[in-house]
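J.: Sharing a model prediction with you, sequence too.
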Amino acid sequence: MNHLGHESHAIHAAYAGGATVATLPLEFYEAQKRENVVQFTNAV
């Protein structure tokens, strides 16, 4: 590892070889986005 350096793609690939990616469904993020919208009204 010292010979390849910490920025080496080979080192990162070796460490991530058995990694599993866990993400939430797109619907979760879309619902979260809708909940964070602030509605403004025209107060005259």
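T.: Nice, thanks for sending it over.
J.: alpha carbons only for contacts and neighbour counts from here, please
T.: Fine.
J.: The helix or strand of the chain with the lowest mean pLDDT - contacts with which helices or strands?
T.: The helix or strand of the chain with the poorest confidence is helix 9-15; it has a mean of 79 (mean pLDDT, DSSP states H and E). Helices and strands touching helix 9-15, by 3 or more C-alpha pairs under 8 Å, 6 or more residues apart in numbering; DSSP states H and E: there are none.
J.: buried stuff in that helix?
T.: Residues of helix 9-15 include none that count as buried (16 or more other C-alpha atoms under 10 Å).
J.: after that helix comes which helix or strand?
T.: Once helix 9-15 ends, the next helix or strand along the chain (criterion: DSSP states H and E) is helix 26-35.
J.: CA atoms only for that next one - export them in CSV, please.
T.: Output of helix 26-35 as CSV, limited to C-alpha atoms (Å, rounded to 0.1, in the frame of the first residue of the first chain):
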residue,chain,number,x,y,z
LEU,A,26,-36.4,7.1,-5.3
GLU,A,27,-40.0,7.5,-3.9
PHE,A,28,-38.5,8.1,-0.4
TYR,A,29,-36.4,11.0,-1.7
GLU,A,30,-39.3,12.4,-3.7
ALA,A,31,-41.6,12.3,-0.7
GLN,A,32,-39.0,14.0,1.5
LYS,A,33,-38.5,16.7,-1.1
ARG,A,34,-42.3,17.4,-1.2
GLU,A,35,-42.4,17.6,2.7
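J.: circling back to that earlier point, got the CA positions of the least confident helix or strand of the chain in PDB?
T.: Provided in PDB are the C-alpha atoms of helix 9-15 (Å, rounded to 0.1, in the frame of the first residue of the first chain):
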ATOM      1  CA  HIS A   9      -7.300   3.500  -7.500                       C
ATOM      2  CA  ALA A  10      -6.000   0.000  -7.000                       C
ATOM      3  CA  ILE A  11      -6.000   0.400  -3.200                       C
ATOM      4  CA  HIS A  12      -9.500   1.900  -3.200                       C
ATOM      5  CA  ALA A  13     -10.800  -0.900  -5.400                       C
ATOM      6  CA  ALA A  14      -9.200  -3.600  -3.200                       C
ATOM      7  CA  TYR A  15     -10.800  -2.200   0.000                       C
END
